[in-house]
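Engineer: Prediction below, plus the sequence it came from.
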Amino acid sequence: MKTITTIAELRAALAEHRRAGKGIGLVPTMGYLHVGHMELVRRARSENDVVVASIFVNPLQFGPNEDLAKYPRDLARDQAMLAEGGVDFLFAPGVSDMYPRPMETVVDVPKLGSELEGSVRPGHFAGVATVVTKLFNIVQPDRAYFGEKDFQQLQIIRRMVEDLAQPVSVIGVSTVREADGLACSSRNVYLTSDERRAAAIVPKALDEAERLIAGGLTEPGAVERGVIDFLSAEPLARPEVVALRDPETLEPILEVGEKPVLLLLFVRFGSTKLLDNRVIAPKSAHFAKVA
Ligand SMILES: Nc1ncnc2c1ncn2[C@@H]1O[C@H](COP(=O)(O)OP(=O)(O)OP(=O)(O)O)[C@@H](O)[C@H]1O
Ligand SMILES: CC(C)(CO)[C@@H](O)C(=O)[O-]
Ligand code: BAL
């Protein structure tokens, strides 16, 4: 695996592969890798001739009071994991490589981006859409891989690619979880041991929603209140977003009917934000077992 830090060098390295008609897959990340990221790499490796992973902690998507400075970083460990996963090129630019001048140009998906997580992180999704567009322009991948854990991000990127006719297939990958069900996430390292134990309630809250819907609850507000009640059993959990939405448009739904619905959770434990979600197909919603 070759690590490259400049746009020009990466373009030059990929040009010969593109000329030779090779399929190029891109896995964008912010580093501090875990098994969830490696699942994206595994998918990319199995579907492309050339795999590029990127590691860039993108300042544009962090608010002024967020964790940009303390975001966990370990490039040497990440390099070893990506090499082991069969990645060909790691693009790990510095901020001045990606943004030599302050950005004048922004890609925004304002409606989808101001909902849900966007309502508590204003500007976040414009930062994501802008950097992802720039990465697409630099790498020009045939396929790009994103986790369903960040469901809203995935839908925003899909919509951006459709609206702007960006020539890339966006591939969503199922959420990889720890043994107790908590979604793997780089920010899980911020959790104290008590918070980490408590955080297992988040995936269980998804089970609870599924159970409520399987039990016949059709009013979205009632399902959301049931989930909030469930989370209130854990004093360390501070739910900021508990929302039942249309999985594609992310718009509120009037009633749980026959179509699948998205439950999206954004829950804070101390200063750590945890995201999770599940698309629930009402007809198949089963009495999920809670450990
Ligand atoms: N548990 C997971 N399963 C599948 N994909 C994941 C998982 N966690 C992250 N990803 C995906 O990996 C890509 C890079 O994500 P990122 O580097 O922000 O990691 P993260 O663990 O989500 O970090 P954070 O804790 O900062 O949200 C994104 O497409 C994200 O959805
Ligand atoms: C897609 C992404 C790499 C853009 O910075 C980031 O938002 C992430 O890691 O999910
Ligand atoms: N995984 C999403 C990137 C972020 O929270 O900034």
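Structural biologist: Good, I have the coordinates. Residues are numbered from 1 along each chain as shown. Ligands and ions are numbered 1, 2, ... in the order given.

Engineer: Looking at the chain, which helix is longest?
Structural biologist: Longest helix in the chain, counting residues (DSSP state H): helix 124-139.

Engineer: who are the neighbours of that one, in terms of helices and strands?
Structural biologist: Applying 3 or more C-beta pairs under 8 Å, 6 or more residues apart in numbering; DSSP states H and E, one finds that helix 124-139 contacts helix 7-19, strand 24-29, strand 50-55, strand 89-91, helix 110-114, helix 117-120, helix 151-163. All C-beta atoms are positioned from the backbone trio N, CA, C, and that covers glycine.

Engineer: if I read this right, Val107 contacts Phe125, doesn't it?
Structural biologist: No: here Val107 does not reach Phe125: they are 9.7 Å apart, not a contact under C-beta atoms under 8 Å.

Engineer: More neighbours: these two, which one.
Structural biologist: Using other C-beta atoms under 10 Å as the criterion, Val107 and Phe125 rank with Phe125 on top: 26 against 21.

Engineer: Name the nearest residue to that one, sequence neighbours excluded.
Structural biologist: Gly113 (3.2 Å; C-beta to C-beta, 6 or more residues apart in numbering).

Engineer: hang on, the earlier thing: whether the longest helix of the chain contacts ligand 2 - can you check?
Structural biologist: Yes: contact between helix 124-139 and ligand 2, assessed by C-beta under 6 Å from any ligand atom, occurs at Val128, Val131, Val132.

Engineer: In space, what's closest to the second one - neighbours in sequence excluded?
Structural biologist: Which is Val131. What sits nearest to Val131 in space, not counting adjacent residues and going by C-beta to C-beta, 6+ apart, is Asn58, at 4.4 Å.

Engineer: likewise the last one?
Structural biologist: Counting by C-beta to C-beta, 6+ apart, Val132 lies nearest to Ile157, which is 5.8 Å off, once chain neighbours are set aside.

Engineer: For the one you found, give me its contacts.
Structural biologist: Applying C-beta atoms under 8 Å, 6 or more residues apart in numbering, we find Ile157 in contact with Val128, Ala129, Val132, Ala144, Phe146, Val170.

Engineer: Tell me the one of these nearest Asn65?
Structural biologist: Nearest to Asn65 among those is Val128, at 17.9 Å by C-beta to C-beta.

Engineer: If you tally nearby residues, what's the number for the closest one?
Structural biologist: Val128 has 25 nearby residues by other C-beta under 10 Å.

Engineer: And the helices in the stretch 151-291 of the chain, which stretches?
Structural biologist: Along the stretch 151-291 of the chain, the segments classed as helices by DSSP state H, counting those that start in this stretch run 151-163, 193-198, 201-214, 220-232.
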